Every structure is written in structure tokens, then in C-alpha cells.
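Colleague: Build me a model from this:
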Amino acid sequence: MAYTFIVAMEKALRAAFNLKLIEALQNQYPDVFVKAAVYDGKKNLYTSHKLNFDAGMSRQFNVTWTEGNRASNFKITITEAREISMEILRRYTAGQQSWDENVAIALTALNIVLRMEPSLNHPFRVRSFFNDKTKAPLGNMPLEAWQGYFQSVGPALNRLIVNLDISTGVMFKPGSLVETCVEFFSGYRRGEDANKWLRAQSVPVMQRCRLQTFLFGVKVEAQTAAGGKKLVTIHKLTERDAASTMFTPTGGARTSVAQYYAQVNQRLRLPNIIRYVTPKGAVIPLERCYIVPGQLCRAELNPDVTRASLSQTPPWWNDIRSFFLPQVLAYGQSRYVRDFGLDIKTSSLPMEIPARIINPPELNYGLGSKQATVRPKEGSWNLVDKKFTKPMSLGSWIVVIFVPQNRFSADNAKDTIKGLVKGCEDVGMQVTEKQPLFVYKNPQSIVDQSIFDAVMQNRKERNTLPTFILCILPDGSNANLWAAVKYCGDIKRGVPDQCLRVGKCRGAKQQYWANVALKINAKLGGVNVIPDPKSVSIISDPAQPTIVMGGDVMHPIPGSQSPSDAAMVANVDSHGARYIAKTAIQLGRQEMIGDLRTMAKDLLLAYMDYRRNVENVKTLPKRLIFFRDGVSEGEFKRVLDQELPLLQNACKDAGMNPPPKITFIVVGKRHHIKGFGKNDKDKDSRSGNLLPGIIVDQGITSPVELDCYLWSHGGILGTSRCSHYNVVHDDFRFNVDVIQALSNTLCYTYARSTRSVSIPMPVYYAHIVCSRALTHYDTQGTESSVMSGGSQTREETLDSLRGQYRPVHEAQAKRMYFMCRFFLTVYPITDIYYPETEFAAVGQEKGTSHEGTMKDIDEFLSPFRPVFHPHGKPEHSTDRRELRQNTLTQEIVRHSVFFQASAVTYIDVYKPEVVPIEDYGWIAGCAPSWPAWKDPIDFTFNIS
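Modeller: Alright, predicted model coming up:
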């Protein structure tokens, strides 16, 4: 038996400090806390015994906190909440009851017990803990990587397991704040002249604000003018130096900061460099400050630092036991673990679990391929001697270059065009225009107008309108430029486009151009590869037509009032290769897909339309398999109860009688399960990861759910992460092997890759569609403004943005326009994002806010032109919930093992003679009403 209590602090404090206060409380009131209590740092406290309250169920305590020579008093109120029966965990792990709130609370309590001790002694983020025993510098930043570990208690059949995982924490280097600032600007070169980099009059505003964003919230030890030391927090960097900043000290005459220090024999060495301001307004010279060790970096890292973080992770799987043994042994020394009566065994570290391997599917390429059928090896293959299954023609097209000509010359442009043409032709695509028009445009211009001008130039010089646009973008962060291109092509004009980074395409080899051709062919309506019918018999069985759908919801950052993005995709063909997408915005942080019924109906109608008009099959789908992403284990029942009826109603709305049998599968990657081959034959020959196709459906799986873990891709760097599949509803009652084989095959048919991916293609596509939310708004203000007041509620924000949200253009809606991936670094409209600054996101972990006022923010950000984004920072990558808070923490690499806890529309112009130019998307903003599902053919406009 355990007990839950609610903790109310006198004022809001950081979780790490709250934990120390609760520890002090227990030491100062030993008669109440006979056995150790554990605390989550917020409001929940757990005990293994009833607290010795004098009267009633609540009590207020006065706690004295001493730091140095200074003592402070805090009032803490503790209220009894509920009892927790641990018997419920025994029943759940024995498969005698379903997951419910009581199971979740009991597991939460055990997790808090295990993490209490390390939370008090190490820097931490939720369930990950870091120490400096193994550390290394990172990239060209004043940062270092600390090796740490993640831990979590979870259920398995007839037992509980503790999941351990390596985490890498990115920490600030302790030491001189001046040297940290110099290194931020100059790279590794510590010891450089600070006046060169930090002189107040010479630091550009943008650079100073970048540094301010990087250092915001960092604790430093400041030496006062009187010679004492004080722990303060960096709030703001000022553009003025100590020599020119005037103030009036108490009882003294007006003087400068530099003169004041000189008067007390503390002369400044660097009086002309920038200074910083504390949250209370105190102005302190940088040279008087030293960064306190053990602080996680909460600023967003550049790609170079992230790569350096990955490289610091050791190949520890060669010696798993020795790596985790100290943490395991520490459980036995923890008084919290002992007082709760937990007995954690180490004999099964790591656990050995039986696994099976699913053979990779056979993939079929098109006519003219020297190797028409491929069986991938170790999750990969290539396009050598292969032609696309359905290659498209690249007719009239143009190249728009948003890079200065001195950085990307005309010769570079010609080489790029030549490489792309060859890359497309090598895989079977016909390119009729081998020397397209290329033009240079200013990246700061209105993108839609720039592209339109290029189109009209092509019309004037070549008497054609392009049906495809290639855009060259600068290197670095170009989220808003990229989004503007996509808005022009996919949303407003209805013309396929492809963006390339200048650093990637300049001097690129043919393998790169083959990869670009994969995207372009799919965007034009082609099919790159199809699975052999034998490998995907569920979908290709003519007697049982099957539609496969994928769904996902992406949320804004915590604390934002912005909407969430929902997307659904579905195949329309019998091979499961052509997909279309539907997307919508909905109330922020709503996990259920609000418009699921409408979106599913549209997808079903499109499926039947394609089958009837293209494949000449009139049979209605008899099976619907829905892969759902982004659902935690605690949400399974609620998602099923709400979304399954919507799917069923969508089938009725689409006129499907009888309705198809529905199989509902939740796919998750938000876990820390890792696996390693015991024998070399089970390992990838290059990375040492498990071979793609390995599946585990016992030992660590749910005691009550039909679930499994599937390693479908071959990891290149680090340890590959498996996906967790839960079959939460199955009308058809598939054999489990059939579902597992289908899931594995769908990981091999991702159109823009020649490697298997980690999640099934429909889920991957839905996730990409969600991540493109910004492209549905005219962010450059040519048609509407996506600005919205920061004081709006979620409902008001949603209402104001629905009128500005533009659907995909009709001419693009039945194409795979989403064949791209760009990691948008954007922020919600309620938190204005300015280029190269991320001030608005700082301090918002778990909904808390920074200590500054809106006036401070406005003053800080005033030099910049705002770029507004109507949604939160996208949740991309393999672990969305982790990466969603990318700016708040950096756990770069994770690996895991286990041990037991015994106690617990195609542009087909069906050849019109003349198409009036006004009917084309370039002028009217909409496409002609051409048949959507017929095979595309090239065409030329007749311009009189």
C-alpha cells in the first residue's frame, strides 16, 4: 500500500529546488516522516505509510533553508489525497485487468521512488540524470556532453521491469562568463581578446541577441563590488558597456559602473564590453561572473553541435553490464527504495529475450530495369540499373535561385541542371526540356511574386508555362523561405516544386540526383517502386480490397494557445504505393483527430474513384487498416472510443454498404526500448545494430494488449530504435504474423528513400503532412496575415486562424505533394518568433514562464522584423514528444536495456486544343477542371 499527498508551495519555484525543500522538510520533521517520502518536484508526494498528522488530512509546515550565511523560511502545505493499492499492479501484470487510471498512478509512484535519489544528487530532466564523470567538449560552442542515463519502471507479463537508457546531456562549460561569450562567437579559441568580440559598440544587434538567447536563464556566481559572491541568473544582455552606463549608488553621487568598481579597488579589466542584467534589474559586468557547473543547455543547438553530441556516445553495447551496474547498485543504497520495500535484482542485467526475424519484402521496379526485382539487404538497396515503376515526364520547367550569383554561379546552375537531368533519365524519367530557364531572385523578396515573375519570363521567352519549379535555397535555417515556396507551389498556384540547398546540390554526385529524382517523380504523380504482391497480399488481394490509412496529430509547444495540426493519408491504388493526404487544424493540444470523419470520408471516396476510373475495379473496400501515431499508452482507450466510431461513420457517409472491417493499430516510438544482437549473425555488418526485420513479441510486451516491437530499419549512427505496435481493435481478426509482416513491408515502400524506415509509410506520410502546417498560411502577407493576439484563448486563436488556413490546391490534392521533409524552426503566434532568436521559447518548460515581462520581451526583440507562425514548434523526428522541447533540453542519444524489479490530381489535359491562360493556376489561383485520376501527360499551352 502507498499513499498520495498534494504539496502546495508558498510560491512557484524550480523543480530541483522544490526537491531540496522536501528533503529538508523530512529532516526537520522526523516525527512526521518516519519513513522516507518521495516527491515529483511539482505537487505529488508519495509515502509508504500514513503521515503522522496531528489532526485532519492537511498540515502546514515551516521549513528553514540555509545557503551559505543566508537563511530563508518557506511554508509548505501537504494534503492527503488517496491510497494506492499495489495489488492492482500484480493483477495487471498477470493479465487479470485492463490498463486504467489506478494502474497508471501506481506505476508513477514507483517511478518517483526510483528517481528521488538521483534527482537530489545530479542535474536532471524528468527521468534522465547526468554526471561529469564522462564528459567531452562539443563542436565549436562553449558546451560539453555529460554522459547520463534514463530510467523507467514498466509492466511486462508477470513482472515489472526497469528500463535503463543512456542519455547525453548538453551542459554549459563552467568558468569565466567572458570566455564563454568569446568562445560562442569565435569557436574553440578561448583566450582571444574579449574586446575584439564583445566591445559594446562593435557587437551587431543580431549577434548580441543570439548570445542573449543562448545564455538566458543561466546561473552565474557574481563577485560583488564589496568582494562578496552572489548567485544570480542571466536575464538580458545590454548594448552599453560599464564605462558609459551611469547610475546613482545609495548615498553617493552619480557615476559610471566602471568608475564605481574602481572606487572600491575592484578596477575592471574590460570596461568597454557588453554587460548583462539580472531579472531584478541589477547590472553586472561579464568579467565579474563565473558559470556554475552542472547546468543543462536549454538553447536550440545547431546541427554541428548535435552531430558532435552523437559522436560522443560510446559503443557501450559491448559492455552493457559494466556501464549500468553502478546505477543498478545505487538502488540498493537508496533509502527511498528501501523504505518502499522494493527489491531490484541485477542478475538479469541485461535481459535476454527471444526474437524472430521477418524477411524483407521483394520490391518491383519498372520496365527497362536490369534488376527488376530487389530483395533489400540489411534494410537498404540502390537505384543502379533500375527504372521507376511508373516514371513521369519532366516537360517545361524552370529553376529559381534564391542565392546570390557570387555564391552560386551560372556555371554552378548549369551543372546542377545537367546533374538533375541525368539523374532523372537514369531512373527512366523523360526530360524534354534539358536546358530550362534559370533566374536569380532575392531571398528577402516576396517569394510568390518572384516565382510568378520567373514563370512569366519563361512564358515570354519560351512561349510555355512551367509544370514544375526547382528552387535553390541558401544553406542554414531557411524555414520561412522554404514555407513560402511551398505555399506558392502547393497551396496557391498548384504547381509541383522541389527545393534544394545550395551546399548540397553544388558539385553533387549522381547518387544525390537519384535521390532527388525519387521526390520529383512522386510529386509529378509517378510511382517509384511497388512491393511484390506476394509481400503485401493483404492489400493486393482482389477478393478483399483493402485501404490503408495513417493518422497523426502534432501539437504546439507547451503553454501556447495555438492550434494543433491533424493529418490523415490513405492509399488509392491496389499496390499501396500512391497516397493522398487530408489535413486540418484543431483545438490546441487535442489528441483526438477532430475532423477524422470528414477526412476519412474524403479519402474513402478518392480510393473508390481511383479504383473505378483508373484500375477499372468497382468493388468497395472490404478492409480498412488504420495506423495511428502519437498516442501514449494511457490514451489508447480514449482514442479508440472516440476515433473508431468516427471511422465507422465515415464509411457510412461514403456509401459503403456493407462497411469494411476495421483494424486499428497504434504505432509509437516514444519509448526507450533498445535491443542488441547476442550473436554477430543478428547484427548489421556496418553499424552493429539489430538487423532490420527483428521482432519481439514476448518478455517485454504488455501483459494484456496485443503488441510487439519491430526493428524495421538499419540504424546508421547510434542505436536504431524500434517501433511499438499495439493492435487495439481488429474486426477481421488477422493472424498476428500477417499484421507484423504488413507493418514491416510498409516500412520499405517510403517513396523518397532506398532504405527501410522506422515506422510504416502511412504514419510517416501523415507525420510529414502535419509538419508542413506553416505552408498553409501566407506568411509573407500577400493575401492575409497570420498575426494574432497573444492574449487569445485556444478557441479564439483557432477561430481566427481557420479563415487564414488555405487547403492544398486542387491540382496538387491528388498528388504526393508532401514528398519532402524540412525541419521547421518556428514558434506559435502567441510567442512571436524573430529570425535567429528563440527568446520566446525560453523558460516555458511544462507551461511555466520566464521571469521577464512582455515589455522586456518587446524591448529585447524590437530590432527585428517578426515572422509569425500559427502553430507551435513542430514535433518531428523519431521521438516527437522529446524533440518538441528541443529548445528546453538536449538528450541526444539513448540506448536501453532492462532488469527485473521483483516487488512491482494529375496534370492530364486530355488534350484540349487551347487552354486559356486565365484558367491556369498562375493567373486565377486555381487549376482547370482536368480529370484527376488519368495518367499525366505532357502538354504545351498555346499562347496567342
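Colleague: Would you list the phi and psi of A454?
Modeller: Taking degrees, to the nearest 10, you get phi -60, psi -40 for the backbone angles of A454.
Colleague: So, low pLDDT: which residues of the protein?
Modeller: In the predicted model, the chain carries pLDDT under 70 at residues 54-56, 187-192, 303-304, 306-321, 477, 717-718, 782-791, 821-944.
Colleague: any idea how it splits into domains?
Modeller: As recorded under automatic domain parsing, the domains making up the chain are 175-292, 363-523.
Colleague: Tell me which of these sits most buried.
Modeller: Neighbour counts averaged per stretch over these are highest for domain 363-523, at a mean of 19; criterion: mean count of other CB atoms under 10 Å. For the C-beta atoms, the positions are set from N, CA and C on the backbone; glycine is no exception.
Colleague: how far does that one stretch from start to finish?
Modeller: 20 Å (CA to CA, to the nearest Å).
Colleague: could you pull out the strands for the stretch 501-650 of the chain?
Modeller: Counting by DSSP state E, counting those that start in this stretch, the stretch 501-650 of the chain has these strands, from start to end: 530-531, 546-554, 564-571, 579-586, 623-629.
Colleague: cool, and the stretch 101-250 of the chain?
Modeller: With DSSP E, counting those that start in this stretch as the definition, the stretch 101-250 of the chain shows strands at residue ranges 124-125, 128-137, 143-156, 159-172, 175-176, 219-223, 229-233, 236-241, 246-247.
Colleague: can you list those in JSON lines and add distance to E633?
Modeller: Putting these into JSON lines (distance: least, CB to CB, whole Å) gives the following:
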{"stretch": "strand 124-125", "distance to E633": "21"}
{"stretch": "strand 128-137", "distance to E633": "19"}
{"stretch": "strand 143-156", "distance to E633": "9"}
{"stretch": "strand 159-172", "distance to E633": "13"}
{"stretch": "strand 175-176", "distance to E633": "43"}
{"stretch": "strand 219-223", "distance to E633": "36"}
{"stretch": "strand 229-233", "distance to E633": "37"}
{"stretch": "strand 236-241", "distance to E633": "42"}
{"stretch": "strand 246-247", "distance to E633": "57"}
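Colleague: L301: which of the ones you listed is closest?
Modeller: L301 sits nearest to strand 159-172 of all these, at 6.5 Å, using CB to CB.
Colleague: Summarise which helices and strands the closest one is packed against.
Modeller: helix 87-93, strand 128-137, strand 143-156, helix 303-311, helix 320-333, strand 895-901 (3 or more CB pairs under 8 Å, 6 or more residues apart in numbering; DSSP states H and E).
Colleague: Could you list the buried residues of the first one?
Modeller: Think helix 87-93. Under the neighbour-count criterion of 16 or more other CB atoms under 10 Å, helix 87-93 has I88, L89, R90, Y92, T93 buried.
Colleague: got a list of contacts for it?
Modeller: Contacts of helix 87-93 with the rest of the structure, by CB atoms under 8 Å, 6 or more residues apart in numbering, involve 97-99, 102-103, 106-107, 155-160, 703-704, 904.
Colleague: Stretch 502-512 now?
Modeller: Under CB under 8 Å, 6+ apart, the answer for stretch 502-512 is 382, 403, 407-408, 412, 415-416, 419, 422-423, 426, 472-475.
Colleague: Give me the subset of those residues lying in strands.
Modeller: Secondary structure assignment by DSSP state E places I472, L473 of the contacts of stretch 502-512 in strands.
Colleague: so which of the strands of the stretch 101-250 of the chain comes closest to M761?
Modeller: strand 159-172 (27.3 Å).
Colleague: Now do that closest one and strand 143-156, the angle between them.
Modeller: For strand 159-172 against strand 143-156, the angle by axes from the mean of the first three to the mean of the last three CA atoms, to 10 degrees is 170 degrees.
Colleague: quick one: strand 159-172 to chain centroid distance?
Modeller: Computed by CA atoms, centre = their mean, to the nearest Å, the chain-centroid distance of strand 159-172 equals 19 Å.
Colleague: Pull out the buried positions in that strand.
Modeller: 159-172.
Colleague: between the contacts of helix 87-93, which has the most around it?
Modeller: Neighbours here mean other CB atoms under 10 Å. Within these, the largest count is held by V904, at 25 neighbours.
Colleague: Would you mark the buried spots in the longest helix along the chain?
Modeller: Taking DSSP state H as the criterion, the chain has its longest helix at helix 101-121. The neighbour-count criterion (16+ other CB under 10 Å) identifies 102-103, 105-119 as the buried residues of helix 101-121.
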